[in-house]
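Asker: fold the following.
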Amino acid sequence: MSSYHFLKKSFLKMILHCYKYPHLQVIGILVGSINGEVHIIEDVFPVTHGSFLLPSFELSLMMIEEHCKDRNLEILGCYCANELITQTKLNTVTKLIGNKINDNCNNDCIMLLNNTLITCEDALHSVDIYEQIKDNNNNNNKNNNKNNQIEWTEIDAELTFEDTIKEELKERVDNQEFLNLVDFDNHFDNPFDNNWLNLFLN
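Answerer: You can find the predicted model right below:
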C-alpha cells in the first residue's frame, strides 16, 4: 500500500492556497522524494486559481522541474480543490494535469481536497488520494485503454504528517498569512514582487 508523509511547510502551503481562494478551484504541484513505499512530500508549489491555462501550467511545470534538479527532489503529483463545495470527485481538468505530470515525470498521484474539511480542525482529514490503476503486469491503463486515457482511482493510502502541523496551521490562518501566499498566476502577473517560492513559509 502506498504511503504519503507531509512535511510541515508543504501541507501549510497547500491548505493556505485553498484559504486564499475559497471560491475558486486551486491547483498545485507536489514535490519530494520516495523512500521505498513512502512518498515524502517535502514541498508544494501553488500553481493556479480559477481558470486553467495549459501554456501557463506548462511553464510553471518547467520552472518547478528546474528548481527540483538542484535539490534532489522530484515531482510526485499534484493537488486540487474543486470550485464547488459539492464537487467531491476529480474533474476533467485535474485528470488532464495528472496525465501531463505522468507524461513528464512518470509519477501518478493526485490529491483531491475535500472542501467541507478544509478547516483548521479537520484539514488533516481533507485529503483524498488518487493513483493510476495498474494491471497485473504493473502497467497503467493508458497502454490498454482504447482511448489512450489514464484511469484514476481513489486509494486507501496511509497519510502521515510532521508534528505540530495542526497548531501552526491555526496560528497562520488566525494571522491571515494565506493572503501573502503566491501561486504562479500571481507570479506571472507581477514577477518582481510575487515570489512563487513562498519563502515566508519555509
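Asker: show me the shaky parts of the chain.
Answerer: Residues of the chain meeting the criterion pLDDT under 70: 1, 106-107, 133-150.
Asker: now do the helices in this protein.
Answerer: Under the criterion DSSP state H, the chain carries helices at the ranges 8-20, 54-69, 92-105, 165-174, 184-189.
Asker: highest mean neighbour count out of these?
Answerer: Counting by mean count of other CB atoms under 10 Å, helix 8-20 has the highest mean neighbour count of the helices of the chain, with a mean of 22. For every residue, glycine as well, the C-beta is placed using N, CA and C.
Asker: from the chain's centre, how far out does that one sit?
Answerer: 10 Å (CA atoms, centre = their mean, to the nearest Å).
Asker: other SSEs contacting that helix?
Answerer: The contact analysis (3 or more CB pairs under 8 Å, 6 or more residues apart in numbering; DSSP states H and E) places helix 8-20 against strand 26-35, strand 38-49, strand 74-81, strand 109-113, helix 165-174.
Asker: tabulate the helices of the chain (CSV), appending distance to residue 39.
Answerer: Below are these laid out as CSV (distance: least, CB to CB, whole Å):
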stretch, distance to residue 39
helix 8-20, 11
helix 54-69, 14
helix 92-105, 13
helix 165-174, 17
helix 184-189, 23
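Asker: how far away is the spatially most central residue of the chain from residue 175?
Answerer: By CA atoms, centre = their mean, the chain has its centre lying nearest to residue 79, at 2.5 Å. Relative to residue 175, residue 79 is positioned 23 Å away (CB to CB, to the nearest Å).
Asker: and what of residue 84?
Answerer: For residue 84 relative to residue 175 (CB to CB), the value is 28 Å.
Asker: next one: residue 18
Answerer: Taking CB to CB, one finds residue 18 at 16 Å from residue 175.
Asker: so who does residue 93 touch?
Answerer: 25, 27, 52 (CB atoms under 8 Å, 6 or more residues apart in numbering).
Asker: can you pick the most crowded of those residues?
Answerer: Neighbour tally across those (other CB atoms under 10 Å): the maximum, 25 neighbours, falls on residue 27.
Asker: what bridges to that one?
Answerer: Per DSSP bridges, residues listed as beta-bridge partners of residue 27: residue 48, residue 80.
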